[in-house]
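Student: Give me the fold of what follows.
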Amino acid sequence: MSTKIGVVGANGRMGRNLIEAAHHGAHTQIGAAFARSGSPMIGQDAGQVAGIGQIGVPVVGDMADHCDAFDVLVDFTSIEATMSHLEVCRRNGRAVVIGTTGLSEAQKDMLREASMDIPVVFAPNMSIGINVLLQVLGQVSSMLGDDYDVEIIEAHHRHKVDAPSGTALRLGEAVADALDRDLSRVAIYGREGITGERPPETIGFSTIRGGDVVGDHTVLFAGIGERVEITHKASSRMTFAKGAIRAAHWVADKPAGLYDMAHVLGLKPV
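Tutor: Here you go, the predicted model:
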């Protein structure tokens with residue numbers, strides 16, 4: 001059965017990719033596309049907005065009036081908008097896939113509360129490659145052990161508003177868990193001035209912002225006489241869009257609960 005997808009931020013960079021991915025998906029179709037109230041895109045065909053031609057689905061503004069048009073909402077918008085959309089879906093019994101990053105712990109608690117009533121997929125990165133990397137990173141970290149210093153370097157486009165990226169933080173968590181460290185205690189977010197010798201247990205984060213970089217992440221293990229580098233580079237937002245649409249089709253028939261991409265890919269039991 002085809003899963004009807006609702007896309008918010010239809011005229012944004014990710015929104016347009018999500019519309020295209022859902023429209024061309026083997027098991028999905030666009031059920032609804034949303035833009036901010038007052039947007040000049042409202043009333044236009046969602047396919048034309050995405051650059052794929054007419055698909056017969058107009059862009060609309062008020063989600064609460066159109067929840068019956070989709071099975072699963074996919075949201076890569078802003079933090080405030082995402083939390084508002086989550087509550088609308090919770091009231092109307094619609095599943096949600098969330099790729100918005102930068103959520104606080106309190107906001108993540110709100111996701112957990114909502115997932116008691118509806119199925120929610122939340123992941124800082126919907127890329128299949130990144131999520132496979134997350135599965136092997138713990139093993140690599142354990143094998144290399146404490147003799148290797150760990151640094152995480154990430155680069156994104158100039159428009160990204162949070163740093164480090166949610167993906168970089170998740171990579172750091174995977175390393176810290178494998179090495180039995182508390183990331184909140186050992187993370188170093190940038191260095192300046194006379195910093196002193198590097199404490200061996202720390203995990204460093206370096207952030208690059210510029211141009212139209214879609215997303216690069218490197219985990220660097222630096223030992224004496226050698227380095228091991230694991231890198232993932234995204235060259236198109238479509239990789240995130242396809243992963244999110246795959247997650248939306250997967251979660252459509254799942255019970256209420258909080259899921260991530262490891263569940264979607266079958267790497268973690270439901």
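Student: so how far is residue 174 from residue 270?
Tutor: 20 Å (C-beta to C-beta, to the nearest Å). Using the backbone N, CA and C atoms, a C-beta is placed for each residue, glycine as well.
Student: Also residue 195?
Tutor: Taking C-beta to C-beta, one finds residue 195 at 25 Å from residue 174.
Student: Between those two, which is the more surrounded one?
Tutor: residue 174 (21 against 10; other C-beta atoms under 10 Å).
Student: Over to that one. Which of the three states is it?
Tutor: helix (DSSP: H, G, I helix; E, B strand; the rest coil).
Student: so who does the spatially closest residue to it that is not a sequence neighbour touch?
Tutor: For residue 174, ignoring the flanking residues on the chain, the nearest one in space by C-beta to C-beta, 6 or more residues apart in numbering is residue 137 at 4.6 Å. Taking C-beta atoms under 8 Å, 6 or more residues apart in numbering, we find residue 137 in contact with 171, 174, 175, 178, 219, 230.
Student: Can you say which of those are buried?
Tutor: 171, 174, 175, 178, 219 (16 or more other C-beta atoms under 10 Å).
Student: Alpha carbons only: can I get the longest helix belonging to the chain in PDB?
Tutor: Assignment by DSSP state H gives helix 128-144 as the longest helix of the chain. The C-alpha coordinates for helix 128-144 follow below in PDB (Å, rounded to 0.1, in the frame of the first residue of the first chain):
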ATOM      1  CA  ILE A 128      21.900   5.500   5.000                       C
ATOM      2  CA  GLY A 129      25.700   5.800   4.900                       C
ATOM      3  CA  ILE A 130      26.000   7.700   8.100                       C
ATOM      4  CA  ASN A 131      23.800   5.300  10.000                       C
ATOM      5  CA  VAL A 132      25.800   2.300   8.800                       C
ATOM      6  CA  LEU A 133      28.900   4.300  10.000                       C
ATOM      7  CA  LEU A 134      27.300   4.700  13.400                       C
ATOM      8  CA  GLN A 135      26.900   1.000  13.700                       C
ATOM      9  CA  VAL A 136      30.600   0.200  13.000                       C
ATOM     10  CA  LEU A 137      32.100   3.200  14.900                       C
ATOM     11  CA  GLY A 138      31.700   1.700  18.300                       C
ATOM     12  CA  GLN A 139      33.600  -1.400  17.200                       C
ATOM     13  CA  VAL A 140      36.400   0.600  15.700                       C
ATOM     14  CA  SER A 141      36.600   2.800  18.900                       C
ATOM     15  CA  SER A 142      36.700  -0.300  21.200                       C
ATOM     16  CA  MET A 143      39.500  -1.900  19.100                       C
ATOM     17  CA  LEU A 144      41.700   1.200  19.000                       C
END
